Structure formats: structure tokens, C-alpha cells
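Student: sharing a model prediction with you, sequence too.
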Amino acid sequence: MSPSRSDSVRHLPMFEHALLWAMRFWGWQCRGCCAAPLARIGQVFADLGAPEAAADFHGMMRGLFATRSGQPRLSPLGDTALAPDERLLLDVLALQQARRSAEGVALLGMLIPHDRALTGYACIVRLIAAFNAAGHRLERPLAAASAGPLVVWPAPVAARRRADPVASRPAD
């Protein structure tokens with residue numbers, strides 16, 4: 001079954017496609033060998049007019065993948081379907097661009113533990129500021145808004161906590 005128009009990478013605007021490629025490339029490079037893909041991503045971001053964004057992108061991705069638990073699920077590089085976690089990550093970036101930081105942090109907290117979302121959000125703020133300065137806009141409608149708040153939040157967080165009983169125990 002082919003992905004619907006809203007779920008297809010082929011229908012993403014060029015800037016969002018570049019961000020998605022960078023996320024997938026970073027994940028692919030760092031899963032197996034932990035080689036930092038910063039140089040190649042830096043080239044792409046330089047082509048977009050925001051070479052300084054590469055360091056903050058790397059910081060954002062390191063925060064997302066800091067532990068084995070609570071990592072976003074990214075599709076392989078050649079996949080034409082947009083995975084749900086990828087949609088939410090693009091939404092987080094779009095929310096920051098719209099100056100809706102509180103919503104962005106809350107949405108990011110669905111993908112990773114909320115304390116990591118709070119500390120890692122500074123990289124997202126600087127990343128989006130660099131792309132704003134270069135004139136880039138995230139144009140795709142928010143996937144989270146179309147799903148409705150009762151579907152999107154807080155159900156995924158609760159489901160992940162039930163799946164990982166250690167994470168749901170109170171700290172000593």
C-alpha cells in the first residue's frame with residue numbers, strides 16, 4: 001500500500017524534506033557506528049543558507065537519542081512514508097517557528113522524557129532561529145493538530161510508561 005498524500009515524503013516542501021533527510025541520515029549514521037554525520041549535514045544546511053544550524057541540529061539529535069529508552073522512531077533513508085514520530089518532530093520545529101514553545105516542549109515530551117525535552121529545547125530554538133534568518137518556513141499543516149488533543153496527548157506518554165515499568169517507578 002502506498003502512503004497517502006499527507007503521509008508521503010514526496011509531498012513535503014523542499015526545506016522540510018531536507019530536515020527529514022538530515023534526521024534520518026543522523027539516525028542511520030549514529031545507530032551503528034556512532035560516527036558523527038555533522039560534516040554532510042553541515043553541507044546541506046550551508047546549501048540552505050544556514051551553516052550555523054548544523055551544530056544545533058546535532059545537539060537536538062543527541063538529546064533525542066541520549067538514551068536507548070524513549071527514542072523517536074525514524075524511518076530508513078529511502079522510505080517514502082513519513083513515520084508518526086517524524087511528523088511530530090517536524091511539528092515541534094514548526095511550533096517553535098510559530099513561537100509556540102510551550103506546545104513544542106509538550107509535544108517533544110511525547111517522544112522523549114519530559115526533562116530531556118526541556119533541556120534539549122534550547123538547541124531547537126537556535127536551530128529554528130538560524131533557518132528563520134535564512135528565510136525558511138515549515139509549511140506543512142501540523143499533524144498533531146489534525147489528530148486532536150485527546151488522541152495525541154497524553155495517551156502516547158502513558159502507553160510508553162506502561163511498556164517500560166522501570167521508567168514509571170518513582171525515584172528513591
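Tutor: Perfect, thanks for sending it.
Student: so where's the chain uncertain?
Tutor: 1-6, 31-36, 68-70, 144-172 (pLDDT under 70).
Student: on the three-state scheme, the residue nearest the centre of it is what?
Tutor: For the chain, L89 is the residue whose C-alpha lies nearest the centre (CA atoms, centre = their mean; 2.8 Å). Classification of L89 by DSSP: H, G, I helix; E, B strand; the rest coil places it in helix.
Student: what of the one 10 residues further on?
Tutor: The local conformation at R99, judged by three-state DSSP, is coil.
Student: give me the distance between it and D115.
Tutor: To D115, R99 is 23 Å away according to CB to CB, to the nearest Å. Just so you know, the C-beta spots here come from the backbone N, C-alpha and C atoms, and that holds for glycine as well.
Student: my guess is A134 contacts D47. True?
Tutor: No - counting by CB atoms under 8 Å, no contact exists between A134 and D47, whose distance comes to 10.4 Å.
Student: returning to that earlier point: ok, the residue nearest to the centre of the chain - contacts?
Tutor: M23, L64, P72, L111 (CB atoms under 8 Å, 6 or more residues apart in numbering).
Student: most neighbours of all those, which one?
Tutor: L64 (25 neighbours; other CB atoms under 10 Å).
Student: residues touching that residue, list them.
Tutor: Q71, P72, L89, L111, I112, G120.
Student: mind running it again at 7 Å?
Tutor: By CB atoms under 7 Å, 6 or more residues apart in numbering, the contact set of L64 is Q71, P72, I112.
Student: strands of the protein, start to end?
Tutor: Using DSSP state E, no strands are found in the chain.
Student: ok, A134 and D47, which is more surrounded?
Tutor: A134 (15 against 10).
Student: how close does the more buried one sit to I41?
Tutor: Distance from A134 to I41, by CB to CB: 15 Å.
Student: do the same with D47
Tutor: From D47 to I41 the distance is 11 Å (CB to CB).
Student: understood, closing this out.
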